[in-house]
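Novice: Need a 3D model of the following:
(chains A and B)
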Amino acid sequence: SQQGEEDPQALSIQEGENATMNCSYKTSINNLQWYRQNSGRGLVHLILIRSNEREKHSGRLRVTLDTSKKSSSLLITASRAADTASYFCATNAGGTSYGKLTFGQGTILTVHP
Amino acid sequence: DTAVSQTPKYLVTQMGNDKSIKCEQNLGHDTMYWYKQDSKKFLKIMFSYNNKELIINETVPNRFSPKSPDKAHLNLHINSLELGDSAVYFCASSQDASRLAKNIQYFGAGTRLSVL
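Specialist: Residues are numbered from 1 along each chain as shown, chains lettered A, B, ... in the order given. Next comes the predicted model:
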């Protein structure tokens, strides 16, 4: 089974609205990262949150982490059409896993102008 | 300048052929990765090298063989291609996988492999 699972699988909103995506995982982690993938492109790192952090901000992005529930959420505020992309969470278990990231299947976000 | 570049961008080939995908990073990173993304967009790690040494080798058919001539390059050779190998293959790099805080990964644009 997958480590990270995003919810919802697809999200469609209007420009200016907020978008919230959730991620659940199964095993202990060292950190959790969010990536964006535009259609036909590679993944781009957005934000990293460590297991001892509960919330992190970067511009219009807000990430929360609840290790007791093994879940994270990504909030994009005041969305723009350019935010249309797939968003993936990825977990790193630390230890001997080195840099191994385990990705979820992603949330497809569509922002309508 | 492209940070992580992989070639070719598209690869269409017949079953049974052997093909290679090349990857180069100019970020000075120590660690490089190969991922496979299937048609449902599920991204799974295949291999990782740190300073030319293999550190991650997931359950991948031995028809897939990575090679790292130096820490800036990680190539992927695939023998006897099968229909199920059709996917998008991504190369990525990170500063140093052993230092987890530095494990932000930078991805190439992907190679779309179609096996006919």
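Novice: use CA for all of it now, contacts and neighbours both
Specialist: Fine.
Novice: and the one helix or strand residue A:23 maps to, anywhere near chain B?
Specialist: Using DSSP states H and E, residue A:23 sits within strand A:19-24. No: using CA under 8 Å from any CA of the partner chain, strand A:19-24 stays clear of chain B, coming no nearer than 14.2 Å.
Novice: in its sheet, what does that strand sit against?
Specialist: Applying DSSP bridges to the sheet, strand A:19-24 is found paired with strand A:5-7 (antiparallel), strand A:71-76 (antiparallel).
Novice: Including mean pLDDT and mean neighbour count, could the ones you listed go into CSV?
Specialist: Below are the strands paired with strand A:19-24 laid out as CSV (pLDDT from 0 to 100; neighbours: other CA atoms under 10 Å in any protein chain shown):
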stretch, mean pLDDT, mean neighbour count
strand A:5-7, 79, 21
strand A:71-76, 97, 20
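Novice: want to throw the ones you listed into TSV with distance to residue A:20?
Specialist: Shown next, in TSV, are these (distance: least, CA to CA, whole Å):
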stretch	distance to residue A:20
strand A:5-7	9
strand A:71-76	4
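Novice: right, so of those strands, which gets closest to residue A:88?
Specialist: With CA to CA, the closest approach to residue A:88 among the strands paired with strand A:19-24 belongs to strand A:5-7: 7.3 Å.
Novice: Against which helices or strands is whatever helix or strand comes next after that closest one packed?
Specialist: On the C-terminal side of strand A:5-7, the nearest following helix or strand under DSSP H and E is strand A:10-14. With contacts defined as 3 or more CA pairs under 8 Å, 6 or more residues apart in numbering or on different chains; DSSP states H and E, the packing partners of strand A:10-14 are strand A:107-112.
Novice: now the angle from the strand it packs on to strand A:10-14?
Specialist: 20 degrees (axes from the mean of the first three to the mean of the last three CA atoms, to 10 degrees).
Novice: Now do the contacts for residue B:30.
Specialist: B:50-51, B:71-72, B:93-97 (CA atoms under 8 Å, 6 or more residues apart in numbering or on different chains).
Novice: quick revisit: next one: the strand holding residue A:23 to chain centre, how far?
Specialist: From the chain centre to the centre of strand A:19-24 is a distance of 7 Å (CA atoms, centre = their mean, to the nearest Å).
Novice: Quick one: mean pLDDT over it.
Specialist: Taken as a whole, strand A:19-24 has a mean pLDDT of 95.
Novice: Now do the very next helix or strand once past that strand: everything it contacts.
Specialist: Note on strand A:19-24: by DSSP H and E, the next helix or strand toward the C-terminus is strand A:31-37. Residues from elsewhere that reach strand A:31-37 (CA under 8 Å, 6+ apart): A:43-51, A:74, A:85-94.
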